[in-house]
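Chemist: Got a predicted model here, sequence first, then my questions.
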Amino acid sequence: MNERALRTLQDKLRGRRSRRVAFLSHCLLNENVRYLGGACRPGCVETIVDRLRDEGIGMCQMPCPEQRAWGGVLKRHLLPFLAAGGTPGYRWRRRLVPLMVAYTRTIFRRLARGVVRDVEDYVRSGFEVTALVGIDGSPSCGVHATLDMRRSLDAMASCPLATLDRRFMNDVVVAGSLAPGHGLFMQALRRRLRRRGLAVPFQAHSLIAELEAESAALDGDSRTARPEPR
């Protein structure tokens, strides 16, 4: 069927579809895949989902690149860095960080090809891809802010397991290792989109703002729960 006939058929059978979609980083729709300590919600980021739903924009969930490259949902390949500072094993692993980053880029390039293939399919089919939504503060999906990987891994190694908690992971390992620039997966996506001649706007959800909001809420709850002095 030629393109003109296909467009006519689409118009006749359009139904209620808006022909508008956005591509979202995986954990915006499923925080269960976040790094240990980084989930602030039981499921999705409701503010983003509600906004897109209210605007009639469909949501396409991109794969979690870290899940694919770093050992599954729990990112098992990174866990040996926890509380490993000063050990011979950590010194050996730290020297391998450039190799880990090179391996990660290879996996991310493959994943980016799949995402851009889907973007291209929507565009070719007459849909508008309104945005590609990443996560500032992520080493992979950061749009304007990412993580300094070496600094982040050093921070992971510096805390004894006995005192490791979510506040340390979020304040020191993540917020304390921020760097300007794109995450590795966003870099791969931008390059692939450019090669295919596709212009898609990038937007960012702030992981740091999300963590800070949850921390403030928890601090408020703990103050409310304290017994009144006698």
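Modeler: Looks like it arrived, so ask away. Numbering: from 1, shown residues only.

Chemist: Now do the contacts for the most centrally placed residue in the chain.
Modeler: Of all residues in the chain, the one closest to the mean position by C-alpha atoms, centre = their mean is residue 141, 4.3 Å from it. By C-beta atoms under 8 Å, 6 or more residues apart in numbering, the contact set of residue 141 is 25, 65, 134, 135, 183, 185, 186. (Glycine included, C-beta is placed from N, CA and C.)

Chemist: what about it, distance to residue 92?
Modeler: For residue 141, the distance to residue 92 equals 29 Å [C-beta to C-beta, to the nearest Å].

Chemist: repeat for residue 28
Modeler: As judged by C-beta to C-beta, residue 28 and residue 92 stand 36 Å apart.

Chemist: Show me which of the two is the more surrounded one.
Modeler: residue 28 (22 against 9; other C-beta atoms under 10 Å).

Chemist: if I read this right, that one contacts residue 132, doesn't it?
Modeler: No: contact criterion C-beta atoms under 8 Å: residue 28 and residue 132 do not qualify, at 11.4 Å.

Chemist: Just give the strands next to the longest strand along the chain in its sheet, each with its orientation.
Modeler: Selection of the longest strand in the chain by residue count, based on DSSP state E, yields strand 128-136. Strand 128-136 has its sheet partners listed here by DSSP bridges as strand 20-24 (parallel), strand 202-206 (parallel).

Chemist: OK, contacts around the residue lying closest to residue 55 once chain neighbours are set aside?
Modeler: Take residue 55 and drop its neighbours on the chain: the residue closest to it by C-beta to C-beta, 6 or more residues apart in numbering is residue 20, 7.7 Å away. By C-beta under 8 Å, 6+ apart, residue 20 lies in contact with 55, 56, 57, 58, 127, 128, 130.

Chemist: Any idea how far the lengthiest helix in the chain is from the middle of the chain?
Modeler: When the chain is parsed with DSSP state H, its longest helix is helix 97-124. Distance of helix 97-124 from its chain centroid, counting by C-alpha atoms, centre = their mean, to the nearest Å, is 14 Å.

Chemist: Next, the angle from that helix to strand 20-24.
Modeler: Per axes from the mean of the first three to the mean of the last three C-alpha atoms, to 10 degrees, the angle that helix 97-124 makes with strand 20-24 is 170 degrees.
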